[in-house]
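K.L.:
compute the structure for the input listed below.
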Amino acid sequence: MNNMFHGLIIEDNESTLNTIQNALSRLGWRASSASSAEAGIEELKQKHYDAVFTALCVREQGGRSIARWIKTQELPVKVFIITSWKGELEPHLLQIDGIHDIIHKPLIFTEIRDKVLEHFG
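P.N.:
Next up, the predicted model:
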């Protein structure tokens with residue numbers, strides 16, 4: 001990976017935020033963060049990001065709403081949802097919302113790495 005990739009992490013849990021930031025850093029990415037959906041959307045309006053990593057549930061609105069907003073803006077951003085929910089998430093519905101992949105908690109570096117490599121090579 002190279003430093004050209006920039007990820008935005010929208011997460012209000014500091015431990016989760018730090019884990020994703022550390023993983024992206026190990027992969028050579030730059031990572032910015034926002035602790036609420038509103039702050040994340042403001043970041044997306046002002047700067048280019050290659051990927052957004054957002055909690056399924058984050059302050060003000062869920063990750064799916066953030067993904068839908070990104071899709072309606074036609075931003076060239078891949079969206080990854082972070083969740084501890086173990087139920088089945090319908091791939092077709094995720095695609096409709098503009099979600100590219102799911103990263104499950106507990107967060108493991110190899111899963112984050114594999115998902116990022118799958119989408120960004």
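
K.L.:
that's a strand at Asp114, yeah?
P.N.:
No. Under DSSP: H, G, I helix; E, B strand; the rest coil, Asp114 sits outside any strand and is assigned helix.

K.L.:
please report the distance of it from Glu14.
P.N.:
24 Å (CB to CB, to the nearest Å). No exception for glycine: its C-beta is placed from N, CA and C like everyone else's.

K.L.:
when these two are compared, which one has more neighbours?
P.N.:
Comparing Asp114 with Glu14 by other CB atoms under 10 Å, the one with more neighbours is Asp114, at 13 against 10.

K.L.:
pLDDT at that one, what is it?
P.N.:
In this model, Asp114 is scored at 97, pLDDT.

K.L.:
wait, what's in contact with it?
P.N.:
By CB atoms under 8 Å, 6 or more residues apart in numbering, Asp114 lies in contact with nothing.

K.L.:
ok, it to Thr72 distance?
P.N.:
29 Å.

K.L.:
now the helix or strand harbouring Glu43 - C-alpha only, PDB.
P.N.:
Using DSSP states H and E, Glu43 sits in helix 37-46. Taking Å, rounded to 0.1, in the frame of the first residue of the first chain, the C-alpha atoms of helix 37-46 are listed here in PDB:
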ATOM      1  CA  ALA A  37     -22.000  11.200  11.600                       C
ATOM      2  CA  GLU A  38     -22.500  14.900  11.300                       C
ATOM      3  CA  ALA A  39     -18.800  15.600  11.700                       C
ATOM      4  CA  GLY A  40     -18.000  12.800   9.300                       C
ATOM      5  CA  ILE A  41     -20.200  14.100   6.600                       C
ATOM      6  CA  GLU A  42     -18.700  17.600   7.000                       C
ATOM      7  CA  GLU A  43     -15.200  16.000   6.500                       C
ATOM      8  CA  LEU A  44     -16.500  14.300   3.300                       C
ATOM      9  CA  LYS A  45     -17.800  17.600   2.000                       C
ATOM     10  CA  GLN A  46     -14.400  19.200   2.400                       C
END
